[in-house]
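>>> sequence first, predicted model second:
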Amino acid sequence: MWTTKLSVHKLAILAVSALALPALLAVSPAGADEGAIARGGKLYDKWFKVIKAPKPADTHMAWPASNTKKKGNATHRCKSCHGWDNLGKDGAYASGSYKTGIPGVRAYADGNAADVIAIMKDKTHGYSGKMADKDFSDLAMFVTKGQVDMDKYIDRSNKKAMGDTGKGMEYYNTLCINCHGAKGELPKDMDLLGKLSNKNPWEIMHKILNGQPGEGMPALRALPISVTADIGAYLQTLPKE
């Protein structure tokens, strides 16, 4: 049968088309920059993985000496200072192993992309020459146009995703199951999705929206954000161990 020749990701694309079309018709079409924003979100996550650059071995010069729990390449990821929720010291990273006292990037939402690029290239960040122009442009696009107020979808007091688990199950079983398994047990080299989604729902939301750096995981950013919220809520019902 011809379906056996389709890759998992082609099947996922077909599923997205069939499942999400009614929702997409009910809202304005996604902007032409959604792909760039999603790529920027992956760069924010782990830029060196996306562009296939050597993994930084040193600890970033701006990483505060007060944080001794993280070092090396982890300190070069935008999310490590500014948070999955983009709130930095005022969000989920107000405590824990990624506590740095560094502000988030929410102030740059709807801002000027050129200003963000200039900051990435300044002496504090030091990324001038480490990425191509398109990389800087996509990352700045994510910061200025792609941020999501996650407090609308995740209850910060208890980390519970505020989506529809029933709808989330349907989305998961058509969009995610082929790669992640019926119980969120795949890939085998990562923790169960049930565990991850309850421990760090902000990371999960970021990755559903933008995809996983260096992997073929589809980004759902072009779909209504309720789809991402519903999937996040369903993931929290999956086995944690």
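Yes, it's here. The shown structure was predicted, so the numbers you read here are calculated from the model rather than taken from an experiment. Numbering: from 1, shown residues only.

>>> on the three-state scheme, the spatially most central residue of the chain is what?
By CA atoms, centre = their mean, the chain has its centre lying nearest to His206, at 2.6 Å. His206 carries the three-state label helix when classified by DSSP: H, G, I helix; E, B strand; the rest coil.

>>> check which helix or strand covers the residue nearest to it when sequence neighbours are not counted.
Spatial nearest neighbour of His206, excluding adjacent residues (CB to CB, 6 or more residues apart in numbering): Trp84 at 4.8 Å. (Each C-beta comes from the backbone N, C-alpha and C, glycine too.) Assignment of secondary structure by DSSP states H and E places Trp84 within no helix or strand.

>>> just to revisit the earlier point, thought the residue nearest to the centre of the chain was touching Gly83?
No: counting by CB atoms under 8 Å, His206 stays clear of Gly83, with 9.5 Å between them.

>>> about what we covered before: where's the residue nearest to the centre of the chain relative to Lys123, distance?
Using CB to CB, to the nearest Å, we find His206 at a distance of 28 Å from Lys123.

>>> can you report phi and psi for the closest residue to Leu238 other than its chain neighbours?
In this structure, Leu238 finds its nearest non-sequential neighbour in Gly194, 3.4 Å apart by CB to CB, 6+ apart. As for Gly194, its main-chain torsions (degrees, to the nearest 10) stand at phi -60, psi -40.

>>> let me know how buried Gly194 is, in neighbour terms.
Residues near Gly194, counting by other CB atoms under 10 Å, number 19.

>>> any low-confidence regions in this structure?
Across the chain, the ranges flagged by pLDDT under 70 are 1-32.

>>> tell me where it has helices.
In the chain, the helices defined using DSSP state H lie at 8-25, 34-50, 78-82, 113-120, 133-145, 165-171, 177-180, 193-199, 201-210, 225-235.
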